[in-house]
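**Student:** coords please:
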Amino acid sequence: IDRFTGGGAEHRKFAARYFWKPVIKVEMEVDCGALAKAGASKDVWALLGMTLKDLADGRIGIGAGSAKGFGACTARVKALETSGLPQGLEAPVAEALQSGFEPGEWPAAAITEDSTPMAGTEAATGNRFYNPYHFVPVEPVERVATLADLRDENSKLGLHKYHEGLLTGYLDCRVTAETPMFVGAAQTPQHQAPTRVAPYQRDGEERAIPASTLRGLVSSHLEVLTKSSLRVLHNATYSVRKPKEEALSALGMVVRRKVDGAWRWFILPLVLPMFDLGAKRLKPVWKEVFPDGPVLKQYAPLWDRNWPEYGIERRDVPGPLRWNPGGTDVLGPAGAVKMAGPVRLALASVADGMVNVPGIWRSLGWLADRQFQETKKRHELFLPTPHIQGLEKEAERPPEKNLIPLPDEVRERFNRMSQELTAQWKPSDGRDVRPYEPAGTRPDRYDTQPPKDLTIEPGDVVYFAVTQAGPPWEVSEVSFSAIWRACIPKTTYEFFRDVDVDLLPMSDARRAGRRNAEVAVTMAEKLFGFVEMREKENPEEPLAALKGRLRFTDGRLVRAGERMGECKLKILSSPKPPAPAMYFYRAGGLNASQQFVAKTKLGSDPAHRVKGRKCYLHQDPDQDPEGAPWRSRTPANDVNNNQRMTITPVGKGAQFEFRIWFENLTEPELAALVGALRPAPEVRHKLGLGKPLGLGTVRLDVSTTVGVINLKRRYSAEGLTQGAGRHVEWTLA
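**Tutor:** The predicted structure is shown next:
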């Protein structure tokens, strides 16, 4: 879950085929002669026995995702079938190897329930409104180590051994639902009906809470309490819809050429923008952009909206056109230019001197699957292009003189904004994938799930604008539609960097320009681990990575709650920052009015700040579930039902128990972990689906004692023959 938006961090997920509780037979051969010949110490046999005992007792996970609940296993190890054990082995070692190992029993820690009521709730009255989510302000991080410590064999970060004085063991926890709660699994979209969400279950029938959900809940709270980095944070590119007054109308074709051995992007101008003879006169730059004479688009009317059928076989346009002496107007045969008052729109459909010319038919199309069809669409565009015969969209040669450079940052800015819109797609949207592209220019982007991103490619016909400073001129903006989006000057990472660069997840953006000794490692990163994320590949520099010290089990149902049937949820929309009034504020403002940030101004003032880490308000746990605000009561034929979900929550009072295994923790780190689980008696957590609607208020109870493993006893000759419980010492949590 993204710590800033509260939405699902799809870019942090992966698809894997798993096997549910498989039984695996393994045969291992030990070459005793080779060990003896190599002069191996007898301690090798003790180490082998200790490793097999750890495997039997469930202390070794297998495969990926062990910290998230995958790969937990125990083992039955048969007796060593050999007569080649060296003479003089300590008796417990020989006995253990010749007897084999059975799974050990780790005694449960005692959980004492603390049912102190949740902090009081206050209902909004009159015209007051409580936003369902608020934010914990962010502050500069507290560092516990640096990346330089990854290379040092010390106890700060090293996991190559159990360090003296550090704690390894486990604690047990119980989750109690104080409102209905639901943790989902597979989602099955329905035709014109709510998506059906199956509950997460173990063994196909037992309700459970996945270890990954519990891990995420605890880690997000520990990040807050310890002033740690935001471990899950999407570096979003924000944008706002441009006003129609800033619409683009010039069109060009994207091409690539080789410059000094590297591919570079360019725009070939095709048609001029609309202009008038008043306030928005045509800039002199356009005469330079079209040195061979002006070219205007032509509107092709759609009389009955059957866009593929009408008038694409033959187009006649008036010509030739020419510039006026000042390069501020287009002249031609009588009636050649279609006008609306002083505005020069396009070429006329009927005028003196009409001639047949080749060109490009640019069609946005009329796609029935789009949810929001353009009912006022009345035309497509014809672009006269007699000057591009034989043009190659990609060629390994220098650019022609009439090409305008398309800077990488301009193209990448469009691609980032496009990706953000595509990422908002939901299964209920069907083939309605944004942003829209001209018809027939791409394979169906819906063919993959999630849909493919829309990126600028050679041969695309796009709207564009040019810089006014020059020559040389450059393209300053591109889009597939005349009214596109304006990019906010800062990304998510840049807003958080204004507070502290080490608030960012471990990434190339966080490490940029700094030595490892300058890059902090925070407590949450030390306990939960990290793998550096990169926006740009760099095979020369290894990724920074650290294994976590915590391992969670699934939450197993130990008590059923109030019985609940299937219900329909209200619409859960994806978070859509920037929404400055919700996610940002102006530092130094003394009241809401002074702190307000307008959407179109966001990022233009250094005082604009992120509000922090998102959290959700709790609702009254004693409200009647049948009348709860999260239920949708829309009729079965409501047109928006495909945006809703049908679930079967677990009722109030349901209890689940889980275990957290930890390794190599200091006492303050263990205390921080316990504190994140239950910061205060009246504190509650939010878990599962529908948190902003009021679902998922839970109480966490932690074992009053912690099982600390006496490692010296366990990893001794005598420990090989002792049960797992003999190695646990109990200490107060």
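
**Student:** Residue 446 contacts residue 429, doesn't it?
**Tutor:** No: between residue 446 and residue 429 there is no contact under CB atoms under 8 Å: 9.2 Å. (C-beta placed from N, C-alpha, C; glycine too.)

**Student:** Surely residue 707 is in a strand?
**Tutor:** Yes: membership of residue 707 in a strand is supported by DSSP: H, G, I helix; E, B strand; the rest coil.

**Student:** from what I can see it touches residue 728, true?
**Tutor:** Yes: if you go by CB under 8 Å, residue 707 and residue 728 touch, sitting 4.5 Å apart.

**Student:** who touches the residue lying closest to residue 522 once chain neighbours are set aside in this structure?
**Tutor:** Once flanking residues are discounted, residue 522 sits nearest to residue 228: 3.6 Å by CB to CB, 6 or more residues apart in numbering. Residue 228 is in contact with 141-142, 222, 522-525, counting by CB atoms under 8 Å, 6 or more residues apart in numbering.

**Student:** again with residue 214
**Tutor:** Neighbouring residues of residue 214 by CB under 8 Å, 6+ apart: 175, 552, 554-555, 658.

**Student:** Which strand or helix spans it?
**Tutor:** Assessed by DSSP states H and E, residue 214 sits inside helix 211-225.

**Student:** how much distance is there from that helix to the middle of the chain?
**Tutor:** Chain-centre distance of helix 211-225: 17 Å, with CA atoms, centre = their mean, to the nearest Å.

**Student:** circling back to that earlier point, among the contacts of residue 228, the buried ones, what's the PyMOL command?
**Tutor:** The buried subset of the contacts of residue 228, as determined by 16 or more other CB atoms under 10 Å, is captured in PyMOL by this line:
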select buried, resi 141+222+522+523+524+525
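
**Student:** so which of the contacts of residue 228 would you say is closest to residue 440?
**Tutor:** Nearest to residue 440 among the contacts of residue 228: residue 525, at 48.2 Å, using CB to CB.

**Student:** For that closest one, give its distance to residue 544.
**Tutor:** 10 Å (CB to CB, to the nearest Å).

**Student:** List the residues that contact residue 354.
**Tutor:** Counted by CB under 8 Å, 6+ apart, residue 354 has contacts 316-318.

**Student:** list the buried ones in the strand or helix carrying residue 267?
**Tutor:** For residue 267, the host element (DSSP H and E) is strand 262-271. Of all the residues in strand 262-271, those buried under the rule 16+ other CB under 10 Å are 264-271.

**Student:** ok, the helix or strand following it: who's next to it in the sheet?
**Tutor:** Remark: after strand 262-271, the chain's next helix or strand is strand 275-276, criterion DSSP H and E. Looking at strand 275-276 with DSSP bridges, its partner strands are strand 343-347 (antiparallel).

**Student:** I'd like the average pLDDT over the helix or strand following the partner strand.
**Tutor:** Note on strand 343-347: by DSSP H and E, the next helix or strand toward the C-terminus is strand 354-356. Strand 354-356 comes out with an average pLDDT of 85.

**Student:** Parallel or antiparallel, list what pairs with strand 354-356.
**Tutor:** For strand 354-356, pairing defined by DSSP bridges yields strand 316-318 (antiparallel).

**Student:** Contacts made by the partner strand with the rest, please.
**Tutor:** The contact list for strand 316-318, computed with CB under 8 Å, 6+ apart, reads 298, 332-333, 335-336, 347-348, 351-357, 359, 382, 384.

**Student:** if I pick residue 275, what's in contact with it?
**Tutor:** Residue 275 is in contact with 281-282, 343-344, counting by CB under 8 Å, 6+ apart.

**Student:** switch the cut-off to 10 Å
**Tutor:** Residues in contact with residue 275 (CB atoms under 10 Å, 6 or more residues apart in numbering) are 249-250, 281-283, 286, 328-330, 342-345.

**Student:** Out of the contacts of residue 354, which is nearest to residue 452?
**Tutor:** Nearest to residue 452 among the contacts of residue 354: residue 317, at 35.5 Å, using CB to CB.

**Student:** Who does the closest one form a beta bridge with?
**Tutor:** Per DSSP bridges, the residues bridged to residue 317 are residue 355.

**Student:** Determine the number of other residues adjacent to it.
**Tutor:** Neighbourhood size, residue 317 [other CB atoms under 10 Å]: 27.

**Student:** quick one: it from residue 391, how far?
**Tutor:** Taken as CB to CB, the span from residue 317 to residue 391 is 19 Å.

**Student:** ditto for residue 234
**Tutor:** Look at residue 234 and residue 391: by CB to CB, they are 39 Å apart.

**Student:** Counting neighbours, go ahead and name the busier of those two.
**Tutor:** It is residue 234, of residue 234 and residue 391, that has more neighbours when counted by other CB under 10 Å, with 22 against 13.

**Student:** Read off the pLDDT value for that one.
**Tutor:** 92.

**Student:** so who does it touch?
**Tutor:** 2-5, 7-12, 420, 423, 491-493, 505, 577.

**Student:** now those residues: which count as buried?
**Tutor:** 2-5, 7, 420, 423, 491-493, 505, 577.

**Student:** From those, which land in strands?
**Tutor:** Taking DSSP state E as the definition of strands, the buried ones among the contacts of residue 234 contribute residue 491.

**Student:** Residue 447: neighbour count?
**Tutor:** Other residues close to residue 447 by other CB under 10 Å number 9.
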